[in-house]
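**Student:** kindly return the folded structure for what I paste below:
(one chain, ligands or ions: 1)
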Amino acid sequence: MSFRRESHCVAPPRRKLLNCVAALPAPERLRINEIFYSIQGESTFAGRPCVLVRLTGCQMRCTWCDTEYSFYEGAWMRVDDVIERVLSYDCPLAEVTGGEPLLQPGVHTLMSGLCDRGLEVLLETGGGLDISGVDPRVRRIVDLKCPGSGEAANNHWPNLLDLRATDEVKLVVQDRDDYEWARQAIREHRIDRRCAVHLSPVWDALEPAELASWVLEDRLPARVSLQLHKTLWGAEKRGV
Ligand code: SF4
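**Tutor:** Okay, the predicted model is just below:
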């Protein structure tokens, strides 16, 4: 059976409605960049059908960011309407991503609402903000930014102490210097004893096989993770 991918970017509502939603209390609204149904690409959930909700805005500017369109583009939606849209796909797995989803207070209403309705919920965060207030039912996928990103100084290091076995840490590696930094961080903070650790090569900057050979050579307790959605549909495609 062939799998048909479906992508529905959020169409901007009429100006009057937009202003009305933007005026709601912060926990009841979200600025949404896109909502789409695809294959989860970068975690232990990679390969599973998933509804992805991408929120607008990010306080970081990673050199290799592949979602710069999420920095400013988006439309206001009621959290309840976002939940209804996610449920309409009839998919048991949902991921909230960005941008940086933790910038918007309404993200907590969204994640808890999806959990209440029985969905497995993933949160993908850049790792620069405190994750401790996230609903414990949510599986947190937390970036630890390597120096090549230009954002290593903005990692929120206390997050590592808050990790649960159901969480995951991802380090995006651009070159050998990044790898050695990541290796040091994993060993020093024993991240692998807390949860799954992913090393992901920057697309078109580091050969996955080279990263894999370093991991094997060092017997590093980490997974080499590729961006499955880019392999499936290409690096430039949005809404996948
Ligand atoms: S944290 Fe994510 S969305 Fe923000 S700049 Fe970095 S890669 Fe892009």
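**Student:** kindly report the residues of the protein close to the ligand.
**Tutor:** Cys58, Met60, Arg61, Cys62, Cys65, Thr67, Ser70, Gly98, Gly99, Glu100, Gly126 (CB under 6 Å from any ligand atom). Where C-beta positions appear, they are placed from N, C-alpha and C, glycine not excepted.
**Student:** number of residues surrounding the fourth one?
**Tutor:** Around Cys62 sit 21 other residues, with neighbours defined as other CB atoms under 10 Å.
**Student:** what does Leu161 give?
**Tutor:** 9.
**Student:** quick check: Gly99 touching Gln59?
**Tutor:** No. Contact criterion CB atoms under 8 Å: Gly99 and Gln59 do not qualify, at 9.2 Å.
**Student:** helices along the chain, start to end?
**Tutor:** Assignment of helices within the chain using DSSP state H yields the ranges 15-22, 79-87, 106-116, 176-189, 208-218, 228-233.
**Student:** dump these into TSV; add mean neighbour count as well.
**Tutor:** Listed next are these as TSV, based on neighbours: other CB atoms under 10 Å:
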stretch	mean neighbour count
helix 15-22	12
helix 79-87	18
helix 106-116	21
helix 176-189	17
helix 208-218	14
helix 228-233	16
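**Student:** how long is stretch 101-109 end to end?
**Tutor:** 12 Å (CA to CA, to the nearest Å).
**Student:** now it: how far from the chain's centre is it?
**Tutor:** 13 Å (CA atoms, centre = their mean, to the nearest Å).
**Student:** kindly report the same for stretch 117-128.
**Tutor:** Per CA atoms, centre = their mean, the centroid offset for stretch 117-128 relative to its chain is 7 Å.
**Student:** what do you get for stretch 135-148?
**Tutor:** On CA atoms, centre = their mean, the centre of stretch 135-148 falls 8 Å from the chain's centre.
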